[in-house]
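**Q** everything below, folded, please.
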Amino acid sequence: MINKISASVHEAVSVIHDGATVLISGFGEAGSPIELIHALIDHGASDLTVVSNNTGSGHVGLAALIAHRRVRKMICSFPRTSNSFVFPELYRKGEIELELVPQGTLAERIRSGGAGIPAFYTPASVDTPLAEGKEHREFDGKKYVLEHAIRADFALVKCRTADRYGNLLYNKTARNFGPVMCTAANTTIVQAAHIAQPGEMDPEHVVTPGIFVQHVVHIPEPAHESVLIAENKKYPW
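**A** Numbers count the residues shown, from 1 in each chain. Have a look, this model is predicted:
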C-alpha cells in the first residue's frame, strides 16, 4: 500500500544534499513552508540554489535559511520586500548571487520545466537589463526573449490537505507556486495541515496529483510568517 507520510519534517528533508537546487513555494507568507525550511536549516545542507517568489522576511523561514549562509544563489522575482533585511545586506556585500526574473516568467519557467518544455519566448524583459546576453527573435513584428525552463532537485511546498498517496489541495492564494513546483522537481516534499483519510478527498477537487509528490509531513498548526516577525522571532529559537 502506498504511503508517502513521513514521520517528521527532519526525516523528510534529510534527502536534500549540498549543492542542490530547491524550489520553495510561497507568495509572501501565503504558502510558505516554514516548518520544512526550518528543518532544512537543522539538517545543514549548504551551497543551495533556491528558486522562490521572494527572499523571505524577518529572520524566519527562507530569510533564516539565507542568514545561516546555506544559500549560494537566489532565483526570484522580489529580492526585497517590506520586511526583508537578510538578503539585501548579503547581496550588497557580494556574499550571495541573484538571478532576477519577472514573476510571470518565473512561473512559466517552472511550469515549462514540469511540462518537459526546454525553453520559450516571452516579451516580458525585452529592452531591459534582464534580456542582456539572451537570444532574441521577432514574431509578427514583435521582439521576444528566449527563457530557459527551470527544473530542480527538490521542491518544498505547503498545502492545506494531503492524503497518504500525495494528492494535494491548497488554501486559496496559498496555491500560488506550489502546483507548478511539484511538477518541476525530482523530489517533492510537502507539509500539510490536514491528512485526509482514504475516500475523503474528492478526486475532482485534487489540484496536485500524488504522482508528483514523494514525501508528506503532517503539520496541523503551521506557523505564520507575519506572526513570527511581529514577535521578533529568529530561527533557531
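**Q** from here on, just use CA atoms for contacts and neighbour counts.
**A** OK.
**Q** which residues sit in contact with the nearest residue to residue 99 once chain neighbours are set aside?
**A** Sequence neighbours aside, residue 75 is the residue nearest to residue 99 in space, at 4.7 Å (criterion: C-alpha to C-alpha, 6 or more residues apart in numbering). Residues near residue 75 by C-alpha atoms under 8 Å, 6 or more residues apart in numbering: 49, 50, 51, 52, 98, 99, 100, 101.
**Q** for the last one, which non-adjacent residue is spatially closest?
**A** Take residue 101 and drop its neighbours on the chain: the residue closest to it by C-alpha to C-alpha, 6+ apart is residue 77, 5.0 Å away.
**Q** follow-up on the earlier one: if any of the contacts of residue 75 are buried, give me the ChimeraX selection for them.
**A** Applying 16 or more other C-alpha atoms under 10 Å to those, the buried members can be selected in ChimeraX as follows:
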select :49,50,51,52,98,101
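**Q** against which helices or strands is the longest helix along the chain packed?
**A** Longest helix of the chain, by residue count under DSSP state H: helix 103-115. On a contact count with 3 or more C-alpha pairs under 8 Å, 6 or more residues apart in numbering; DSSP states H and E, helix 103-115 meets strand 119-122, strand 142-148, helix 178-183.
**Q** kindly indicate which of the contacts of residue 75 lies nearest residue 11.
**A** In terms of C-alpha to C-alpha, no member of these lies closer to residue 11 than residue 50, at 20.2 Å.
**Q** surely the closest one is within a strand?
**A** Yes: secondary structure of residue 50 (DSSP: H, G, I helix; E, B strand; the rest coil): part of a strand.
**Q** my guess is it contacts residue 70, does it?
**A** No: judged on C-alpha atoms under 8 Å, residue 50 makes no contact with residue 70 at a distance of 9.7 Å.
**Q** got the residue ranges for the strands in this protein?
**A** Assigned strands in the chain, in chain order: 21-24, 48-51, 71-76, 97-100, 119-122, 136-139, 142-148, 152-162, 168-169, 185-195, 215-218 (criterion: DSSP state E).
**Q** where does this structure have low pLDDT?
**A** Across the chain, the ranges flagged by pLDDT under 70 are 1.
**Q** any idea how far the residue lying farthest from the centre of the chain lies from residue 103?
**A** In terms of distance from the mean C-alpha position of the chain, residue 141 ranks first, at 35.7 Å (C-alpha atoms, centre = their mean). Between residue 141 and residue 103 the computed distance is 25 Å (C-alpha to C-alpha, to the nearest Å).
**Q** neighbours of residue 196, how many?
**A** 16 (other C-alpha atoms under 10 Å).
**Q** hang on, isn't it packed against residue 162?
**A** Yes: taking C-alpha under 8 Å as the definition, residue 196 is a contact partner of residue 162 at 5.9 Å.
**Q** so what's residue 142 bridging to?
**A** Beta bridges link residue 142 to residue 139, judged by DSSP bridges.
**Q** now do the contacts for the nearest residue to residue 70 once chain neighbours are set aside.
**A** In this structure, residue 70 finds its nearest non-sequential neighbour in residue 46, 4.2 Å apart by C-alpha to C-alpha, 6+ apart. Taking C-alpha under 8 Å, 6+ apart, we find residue 46 in contact with 17, 18, 19, 69, 70, 71, 72.
**Q** what's the separation between the closest residue to residue 109 other than its chain neighbours and residue 105?
**A** For residue 109, ignoring the flanking residues on the chain, the nearest one in space by C-alpha to C-alpha, 6+ apart is residue 149 at 4.3 Å. Residue 149 sits 10 Å away from residue 105 when distances are taken as C-alpha to C-alpha.
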